[in-house]
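**Q** Give me coordinates for this.
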Amino acid sequence: MQCAPAISTMSLGRAWVHDMPGKLQQAAEAGFEGIELFYEDLEYFAKSYGVNRTHEENLIDAAAEIRRLCDLYRLTIINLQPFGFYGGLLDREEHKRRIQEIKFWFRLVKILRTDLIHIPSNFLPKEELSDDMELLVRDLTELADLGLQERPPVRFAFESLCWGTYVDTWEQSWEVVERVNRINFGCCLDTFNIAGRIWADPASPSGKTPDADTVLKASLNRMRATVDIKRVFFIQLVDAERMEAPLVEGHPWHVESQPPRMSWSRNARLFAYEADRGGYLPVADIARTILKDLGYKGWVSMELFSRTMADPNPSVPADHAKRGIASWEKLRADILDSDGPSHQIAGRL
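**A** Numbers count the residues shown, from 1 in each chain. Predicted structure coming up:
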């Protein structure tokens, strides 16, 4: 499979502001081939099915309708996400409940006709999580083994969030992938979360970490040397705004219970190549490492979280979809097509 553009449903506007059918239509009309389906979008859409049935029944019917709409608009559902707050839980009864929940997700992904579930690293408080990597690996191996029992098998893509409690770098997520060591367990590489942890710091006046460029260069060298690209199940191409003022106490986005990087992520992500909107992360350097040096071929998702998504203006989904596809086209011109004909087929639009 060549590289192909996908967009997250959340990036087209929050589900509780903009309706799901309209968002899917705008994604297709802009030129996207696939979507990442957020569980929150599915759950909100399911509320329209009334109160006289069970929540699970509504979710199943909502999933079937989303699949029908995606067929209508010729959109692939590349994954269902996020299966969050899983792995390393100190409350093992809650762990058992999450195992039952993933079995219901298996029913949903079959209806949606996808085989991939995205798992972000856990960012619950330290009081609720173990720092034991062995426990995290056992928990994720348990999921992978359950997925292998499904027909067809279900895959999982694990991603380090840059504000994760114990797993916050791509190197740590790759270590988990290697230790789980299952064919259906891989990773997601996200330019925002990679750069947002080791290169950028929204709480710093400079917007950067100490020795940011040197640290990033060393990290990308490790990526070239260690990552088996076949185990990268999809990538997310995202930038973010540089803060005009450090995101610390007193900043309008500061939340006492949230790490600054999480508040930054929720409010100020941008599509790649949007320097005119304040984007400043080294997205192209990371993308070039993944796409060119490692030879990644597969889904490229324009995932976005931003305060702009909460704008009730009906034009918001279309505006975001157009911005996302413009970002994809700039990526193709900058990286995928830069070496001539060998990459012209990338990104089937």
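**Q** tell me the mean pLDDT over the host helix or strand of residue 141?
**A** The secondary structure element spanning residue 141 is helix 133-149 (assigned by DSSP states H and E). If you average the pLDDT over helix 133-149, you get 98.
**Q** buried residues in that helix?
**A** Along helix 133-149, these residues count as buried under the neighbour rule (16 or more other Cβ atoms under 10 Å): 135, 136, 137, 139, 140, 141, 142, 143, 144, 146, 147. Just so you know, the C-beta spots here come from the backbone N, C-alpha and C atoms, and that holds for glycine as well.
**Q** likewise stretch 151-168?
**A** Counting neighbours by 16+ other Cβ under 10 Å, the buried set in stretch 151-168 is 154-168.
**Q** One more: stretch 208-216?
**A** Burial within stretch 208-216, assessed by neighbour count using 16+ other Cβ under 10 Å, is assigned to 208, 209, 212, 216.
**Q** Just list the residues touching the nearest residue to residue 330 once chain neighbours are set aside, thanks.
**A** Beyond its immediate neighbours in the sequence, the residue positioned closest to residue 330 (Cβ to Cβ, 6 or more residues apart in numbering) is residue 273, lying 4.0 Å away. The neighbours of residue 273, taking Cβ atoms under 8 Å, 6 or more residues apart in numbering as the test, are 239, 279, 283, 284, 326, 327, 330, 331, 334.
**Q** same thing but 7 Å
**A** For residue 273, the contact set (Cβ atoms under 7 Å, 6 or more residues apart in numbering) comprises 327, 330, 331.
**Q** ok, and what's touching stretch 26-37?
**A** Among residues not part of stretch 26-37, those counted as contacts by Cβ under 7 Å, 6+ apart are 4-9, 12, 24, 66, 73-81, 112, 299, 301, 303, 317-318, 321-322, 324-325, 348-349.
**Q** in this structure, what secondary structure element scores lowest on mean pLDDT?
**A** Least confident helix or strand, the chain: strand 4-8 with a mean of 89, by mean pLDDT, DSSP states H and E.
**Q** can you pull the buried residues of that strand?
**A** Across strand 4-8, burial judged by 16+ other Cβ under 10 Å covers 4, 5, 6, 7, 8.
**Q** residues contacting residue 247?
**A** For residue 247, the residues meeting the contact criterion (Cβ under 7 Å, 6+ apart) are 202, 203, 253, 254, 260, 263, 264.
**Q** out of these, who has the most neighbours?
**A** Taking other Cβ atoms under 10 Å as the neighbour criterion, residue 264 ranks highest of those with 28 neighbours.
**Q** need the helices for the stretch 201-349 of the chain, in chain order.
**A** Using DSSP state H, counting those that start in this stretch, the helices found in the stretch 201-349 of the chain span residues 212-226, 260-268, 283-288, 316-331.
**Q** quick check: mean pLDDT across the second one?
**A** The average of the pLDDT scores along helix 260-268 is 96.
**Q** Now, the buried residues of stretch 151-168 that are in helices?
**A** Per DSSP state H, helices hold no members of the buried residues of stretch 151-168.
**Q** Tell me which entries of the residues you listed lie within strands.
**A** In strands, defined here by DSSP state E, the members of these are 155, 156, 157, 158, 159.
**Q** Which strand residues bridge the second one?
**A** It refers to residue 156. The partner list for residue 156 in beta bridges (DSSP bridges) reads residue 117, residue 185.
**Q** give the contact list for residue 281.
**A** Taking Cβ under 7 Å, 6+ apart as the criterion, residue 281 is in contact with 191, 192, 195, 199, 200, 239, 240.
**Q** Residue 111 now?
**A** For residue 111, the contacting residues are 60, 63, 64, 67, taking Cβ under 7 Å, 6+ apart as the criterion.
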